[in-house]
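**Q** Need coordinates for the below:
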Amino acid sequence: MATNSIKLLTGNSHPELAKKVAERLGIDLLDMSVFKYSNQETSVIMRESVRDEDVFILQSTKPGEELNDGLMELLIIIKACKTASARRITAVMPNYPYARQDKKDKSRAPISAKLLANMLQKAGCNHIITMDLHASQIQGFFDVPVDNLYAEPSTLRYIRENFDYKNAVIVSPDAGGAKRATALADRLDLNFALIHKERSRPNEVSRMTLVGDVAGKIAILVDDMADTCGTLVKAADVLMASGAREVVAIVTHGILSGSACEKINSSKLSKVVVTNTVPHEEKKKGCAKLETIDIAPTLAEACRRTHNGESVSFLFSHAPV
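**A** Numbering: from 1, shown residues only. All right, here's what the predicted structure looks like:
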């Protein structure tokens with residue numbers, strides 16, 4: 001089947017990324033409008049047929065009050081495609097929202113990541129493409145295929161091209177990210193360090209302890225998401241106090257909510273590198289330390305391979321040129 005028969009759709013959450021993916025695939029975005037009525041109800045108008053087509057809906061999450069609007073847009077677009085007789089509907093969600101609510105960690109806590117999985121499937125989604133899930137077992141919440149892509153190959157390329165990485169050490173800001181950091185350290189043949197943190201309450205870190213040696217080295221902090229950035233800022237303080245020459249953070253999902261940019265500006269971090277899974281162009285205007293890794297080539301290649309029935313596992317260890 002020819003690549004030009006892919007139908008790529010997007011809502012209002014991250015049109016810049018959708019345009020980059022469309023350019024990479026050599027196609028145009030489907031002509032459609034997603035808008036709100038005066039009573040704030042979301043509606044969709046599709047001006048092209050999707051009957052018996054392979055449809056890919058790229059919808060990320062815009063941080064803040066618009067996060068749930070983006071989700072509602074996605075569900076309505078899926079349902080619109082389903083009732084318009086699309087052959088297969090793939091939701092391309094670079095950042096899977098509610099991923100941190102993946103288990104019942106206290107009494108009466110909701111497992112919202114599973115609720116979202118149910119909603120996507122009920123709307124008519126046949127396949128999910130996402131990146132760096134906060135907990136990879138979320139794939140098991142679905143009864144349809146889920147491709148969890150990794151930002152690691154793109155991160156490796158960035159580190160090799162932009163750092164004197166032979167004098168670096170990879171650091172995980174918490175025990176949960178140790179596997180991610182050690183995998184990166186092994187690929188670069190570097191040492192690894194870990195910061196143990198204790199939380200007094202959610203989103204608030206009380207104490208941090210470094211395990212490993214960073215003296216005289218460039219400390220590269222790696223994590224899957226930066227939300228309030230409290231963890232990264234405190235980790236940078238601990239690393240600099242332990243003799244690190246410089247501290248750089250490389251994060252997949254730069255959510256950067258609240259006063260995150262102000263924290264970064266006044267921190268000991270020399271730069272914070274994020275992928276464009278989440279829109280952050282506005283944030284860059286007020287934060288000179290922010291840099292971007294473009295993951296549009298990886299998403300585009302995943303769509304192309306899915307459409308043509310090819311294996312996607314190549315992308316787990318290689319970044320498209």
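
**Q** tell me which element residue 250 is part of?
**A** For residue 250, the enclosing helix or strand under DSSP states H and E is strand 246-254.

**Q** C-terminal to that strand, what's the next element?
**A** Per DSSP H and E, the helix or strand that comes after strand 246-254 is helix 260-265.

**Q** Give the pairing partners of the next helix or strand after that next one; include direction for each.
**A** Using DSSP H and E, the helix or strand that follows helix 260-265 towards the C-terminus is strand 271-275. Sheet pairing of strand 271-275 (DSSP bridges) gives strand 246-254 (parallel), strand 290-293 (parallel).

**Q** Would you mind finding the most buried of those strands?
**A** Each of those was scored by mean neighbour count; the highest is strand 246-254, a mean of 25, by mean count of other C-beta atoms under 10 Å. Where C-beta positions appear, they are placed from N, C-alpha and C, glycine not excepted.

**Q** Tell me the gap between that one and the middle of its chain.
**A** Relative to its chain's centre, strand 246-254 lies at 13 Å (C-alpha atoms, centre = their mean, to the nearest Å).

**Q** Need the residues that contact it.
**A** Residues from elsewhere that reach strand 246-254, judged by C-beta atoms under 8 Å, 6 or more residues apart in numbering: 94-95, 131-132, 151, 155, 158-159, 163, 218-226, 232, 235-236, 239-240, 268-275, 277-278, 280, 283, 290, 293.

**Q** Repeat the analysis, applying 7 Å as the threshold.
**A** Residues outside strand 246-254 that contact it (C-beta atoms under 7 Å, 6 or more residues apart in numbering): 95, 131-132, 151, 155, 218-226, 232, 236, 239-240, 268-275, 277-278, 280.

**Q** repeat for stretch 5-18
**A** 21-22, 25, 27, 29-30, 32, 34, 50, 53-62, 70, 73-74, 77, 94, 276, 279, 281, 296, 303, 307.

**Q** Buried residues in that stretch, which are they?
**A** Residues 6, 7, 8, 9, 10, 11, 12, 13, 14, 17, 18 are the ones in stretch 5-18 that count as buried (16 or more other C-beta atoms under 10 Å).

**Q** same question, stretch 152-171
**A** Within stretch 152-171, the residues that count as buried by 16+ other C-beta under 10 Å are 152-156, 158-159, 163, 165, 168-171.

**Q** Cross those against strands and list the overlap.
**A** Using DSSP state E to define strands, the subset of the buried residues of stretch 152-171 located there is 168, 169, 170, 171.

**Q** Pull stretch 58-73 out as CSV, backbone CA atoms only.
**A** Extracted in CSV, the C-alpha atoms of stretch 58-73 (Å, rounded to 0.1, in the frame of the first residue of the first chain):
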residue,chain,number,x,y,z
LEU,A,58,-1.7,12.9,16.4
GLN,A,59,-2.8,14.5,19.6
SER,A,60,-0.4,15.4,22.4
THR,A,61,-1.3,17.1,25.7
LYS,A,62,-1.0,20.8,26.2
PRO,A,63,-0.1,21.4,29.9
GLY,A,64,-2.6,23.3,32.0
GLU,A,65,-6.3,23.7,31.7
GLU,A,66,-6.3,22.7,28.1
LEU,A,67,-5.1,19.1,28.9
ASN,A,68,-8.6,17.7,29.2
ASP,A,69,-9.8,19.7,26.2
GLY,A,70,-7.1,17.9,24.1
LEU,A,71,-8.3,14.5,25.4
MET,A,72,-11.9,15.3,24.5
GLU,A,73,-10.8,16.5,21.1
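
**Q** secondary structure element for residue 219?
**A** Using DSSP H and E, residue 219 sits within strand 218-226.

**Q** That strand to strand 246-254, inter-axis angle?
**A** Angle of strand 218-226 versus strand 246-254, following axes from the mean of the first three to the mean of the last three C-alpha atoms, to 10 degrees, is 20 degrees.

**Q** From the chain's centroid, how far away is strand 218-226?
**A** Distance, centroid of strand 218-226 to centroid of chain: 14 Å (C-alpha atoms, centre = their mean).

**Q** now it against strand 168-172, angle please.
**A** Counting by the same axes, to 10 degrees, strand 218-226 lies at 30 degrees to strand 168-172.

**Q** Which strands and helices lie in contact with the following helix or strand past strand 218-226?
**A** Once strand 218-226 ends, the next helix or strand along the chain (criterion: DSSP H and E) is helix 230-241. Applying 3 or more C-beta pairs under 7 Å, 6 or more residues apart in numbering; DSSP states H and E, we find helix 230-241 packed against strand 191-201, strand 204-211, strand 218-226, strand 246-254.
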